[in-house]
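>>> 3D model of this:
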Amino acid sequence: MSHSLSLLFYVKKSKADEYGMANIYLRITLDGRRAECSIHRKIHSSEWNSKTQLALGNSMVSQEVNRELGVIKNKIYLIQHQFQRVEKEYTAIDLRDTYLGKGKTLKLLLDIFQEHNDKVESLIGKDFAAGTAERYRTCKKHVTAFIKKKYKKNDIPVQDVDHKFITGLEYYLKTTRNCAHNSTIKYITNFKKIIRIAHANDWIDKDPFVHWKGKLKIVEREFLTEGEIQKIIELELLMERLDQVRDIFIFCCFTGLAYADVKKLNKSDIVLGADGEEWVKTKRSKTDTRSNIPILPIAKTIIEKYKDNELLKEKDLVLPVLSNQKMNAYIKEIATLAGIAKNLTFHLARHTFATTVTLTNGVPIESVSKMLGHTNLRTTQHYAKILDMKVGKDMAILRSKYAE
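Take a look at the predicted model:
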């Protein structure tokens, strides 16, 4: 909607003080309706030009006053532009009150989100991992698309985010974007941080997340059994690309390293431990926490296999890791050749280490958590269901003894 806006600066000479100093006032007229306020600046009444609405002369005081008047004009027009950008209905009083700082500053949601993401990007490798920055970028894309679909706007004031907005975003992610429940909850949790920033800065009166509860569903994590691991190890692979991917997958099954961590694994990350054996000691890309993992014989054999690789020597890397997309595609091909019906992904190797390789063989969960680089033991406890399998096996032995 188009509005007719005019700004007028004036002084009330009749209210000048005993020294002839008068307050300068601003009158905002929008569609014939007025709002006025003092700009909290005085000038001698004889030095004011009512026609030009400026201070007379070239003195330092006059120049300073005129510069301030120009700044105020620009602020009012900027406020009007912000209102128009989000298609907000406004009056002359709204323009005046926003200029004076009455009520909340009009902050736009996606602007706040972008400011946050820019800070995260600048702190990659210091306070944040690259994956964290990517999740926030993706979350902002989803929120942007939701605003365009639901509100037919490019952005909205952060004050307009309420419980209905949050539940609407959740529904949009699950339906239009076809996100799984846990992915949706994680995106909403990312978005929640942006709103908390707005609340902390007093850009909004209350936190709209107060009555929103997001609970992740426990996901049954697939892993390979000892027999399935052996099938992959014994598989004859004539193609070099499959052979390399198989080696790296098995290496991760016996170290628990995630894709990002094995890809960047440097020769300097392999050190002698206090026990005199070789260990992998590296920081996780995802959480920046340290993983300390004793190298088991099969993992050591794989390292030895590639130690003379010239390309790896140049980059000082341990293993020839391909792109994540290729690794996942080739490991599925290997699963088919090995006759394994499970949906193999590269990350499944990490689950296999946590379950089949360690917990099943009696390694304490605290040790497993440290090797995996988990920041919270509860994360590792997702794998603890495997302990039920171990208990079952142990009781089967006991049962057979009593059956004799």
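>>> Spell out the residue ranges of the strands in the stretch 51-200 of the chain.
With strands called from DSSP state E, counting those that start in this stretch, the stretch 51-200 of the chain shows them at 54-55.
>>> What mean pLDDT does stretch 17-27 get?
For stretch 17-27, mean pLDDT is 93.
>>> same question, stretch 211-221
Stretch 211-221 comes out at a mean pLDDT of 81.
>>> residues of it that come out buried?
Neighbour counts over stretch 211-221 (16 or more other CB atoms under 10 Å) mark 214, 221 as buried. Any C-beta I mention is one placed from the backbone N, CA and C, and that applies to glycine too.
>>> Going by secondary structure, residue 257 is in what exactly?
For residue 257, there is no helix or strand it lies in under DSSP states H and E.
>>> From what I see, it and residue 265 are in contact.
Yes - taking contacts as CB atoms under 8 Å, residue 257 lies within contact range of residue 265: 6.9 Å.
>>> More neighbours: which of these two?
More neighbours surround residue 257 than the other of residue 257 and residue 265, with 29 against 21 (other CB atoms under 10 Å).
>>> What's the separation between the more buried one and residue 352?
As for residue 257, its distance to residue 352 is 12 Å (criterion: CB to CB, to the nearest Å).
>>> so what's residue 178 scoring on pLDDT?
pLDDT, residue 178: 95.
>>> Tell me if residue 340 really is in a strand.
No - according to DSSP: H, G, I helix; E, B strand; the rest coil, residue 340 belongs to no strand; its state is coil.
>>> wait, what's in contact with it?
Contacts for residue 340 (CB atoms under 8 Å, 6 or more residues apart in numbering) come out as 224, 228, 231, 232.
>>> coming back round to it: now do the shared contacts for residue 257 and residue 265.
280, 282.
>>> could you give the mean pLDDT of stretch 369-385?
72.
>>> what do you get for stretch 191-201?
94.
>>> Over to stretch 45-60?
The average pLDDT for stretch 45-60 rounds to 92.
>>> Equivalent analysis for stretch 274-281, please.
For stretch 274-281, the mean confidence score works out to 87.
>>> hmm, who's touching it?
255, 257, 265, 269-273, 290-295, 300.
>>> Ok, stretch 141-154 next?
Applying CB under 8 Å, 6+ apart, the contact partners of stretch 141-154 are 85-87, 109-110, 113, 155-156, 168-169, 172-173, 176-177, 187, 191.
>>> Report the buried members of these.
Buried members of the contacts of stretch 141-154, counted by 16+ other CB under 10 Å: 86, 109, 110, 113, 155, 156, 169, 172, 173, 187, 191.
>>> Kindly provide the distance from the last one to residue 176.
In this view, residue 191 and residue 176 are 16 Å apart by CB to CB.
>>> Next, the contact list for the most centrally placed residue in the chain, please.
With distances taken as CA atoms, centre = their mean, the chain has residue 136 as the residue nearest its mean C-alpha position (3.0 Å). By CB under 8 Å, 6+ apart, the residues touching residue 136 are 116, 117, 120, 190.
>>> Setting aside sequence neighbours, what's the nearest residue to the first one?
Take residue 116 and drop its neighbours on the chain: the residue closest to it by CB to CB, 6 or more residues apart in numbering is residue 194, 5.9 Å away.
>>> Could you tell me how many residues sit around the one you found?
23.
>>> Run through the chain and note the low-pLDDT ranges.
1-2, 103-105, 219-220, 285-288, 377-382, 384-394, 403-404 (pLDDT under 70).
>>> Scan it for its longest strand.
strand 33-44 (DSSP state E).
>>> ok, back up a step: would you confirm that the residue nearest to residue 116 contacts residue 113?
Yes - Residue 194 lies in contact with residue 113 (CB under 8 Å); the separation is 5.1 Å.
>>> Just want the angle from the biggest helix by length in the chain to strand 33-44.
Looking across the chain with DSSP state H, the single longest helix is helix 60-85. Inter-element angle recorded for helix 60-85 and strand 33-44: 160 degrees (by axes from the mean of the first three to the mean of the last three CA atoms, to 10 degrees).
>>> Show me what helix 60-85 is packed up against.
Applying 3 or more CB pairs under 8 Å, 6 or more residues apart in numbering; DSSP states H and E, one finds that helix 60-85 contacts strand 5-11, strand 21-30, strand 33-44, strand 54-55, helix 92-100.
>>> cutoff 10 Å now
Contact analysis of helix 60-85 by 3 or more CB pairs under 10 Å, 6 or more residues apart in numbering; DSSP states H and E lists strand 5-11, strand 21-30, strand 33-44, strand 48-49, strand 54-55, helix 92-100 as its packing neighbours.
>>> Tell me which of the ones you listed sits most buried.
Each of these was scored by mean neighbour count; the highest is strand 54-55, a mean of 21, by mean count of other CB atoms under 10 Å.
>>> from the chain's centre, how far out does that strand sit?
Remark: strand 54-55 is offset 50 Å from the chain centroid, using CA atoms, centre = their mean, to the nearest Å.
>>> ditto for stretch 355-365
Centre-to-centre, stretch 355-365 and its host chain are 32 Å apart (CA atoms, centre = their mean).
>>> ditto for stretch 364-375
Relative to the centre of its chain, stretch 364-375 is centred 24 Å away, using CA atoms, centre = their mean.
>>> One more: stretch 159-175?
On the basis of CA atoms, centre = their mean, stretch 159-175 sits 18 Å off its chain's mean C-alpha point.
>>> Kindly export it (C-alpha atoms) in CSV.
In CSV, the C-alpha atoms belonging to stretch 159-175 read as follows (Å, rounded to 0.1, in the frame of the first residue of the first chain):
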residue,chain,number,x,y,z
GLN,A,159,7.8,-10.3,16.8
ASP,A,160,5.4,-12.2,14.6
VAL,A,161,6.9,-15.6,15.5
ASP,A,162,4.4,-17.3,17.9
HIS,A,163,3.5,-20.8,18.9
LYS,A,164,1.3,-21.1,15.7
PHE,A,165,4.3,-20.2,13.6
ILE,A,166,6.4,-22.9,15.2
THR,A,167,3.8,-25.6,14.9
GLY,A,168,3.2,-24.5,11.3
LEU,A,169,6.9,-24.8,10.5
GLU,A,170,7.0,-28.2,12.1
TYR,A,171,4.0,-29.4,9.9
TYR,A,172,5.6,-27.8,6.8
LEU,A,173,8.9,-29.7,7.3
LYS,A,174,7.1,-33.0,7.8
THR,A,175,4.8,-32.6,4.9
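>>> Done for today, thanks.
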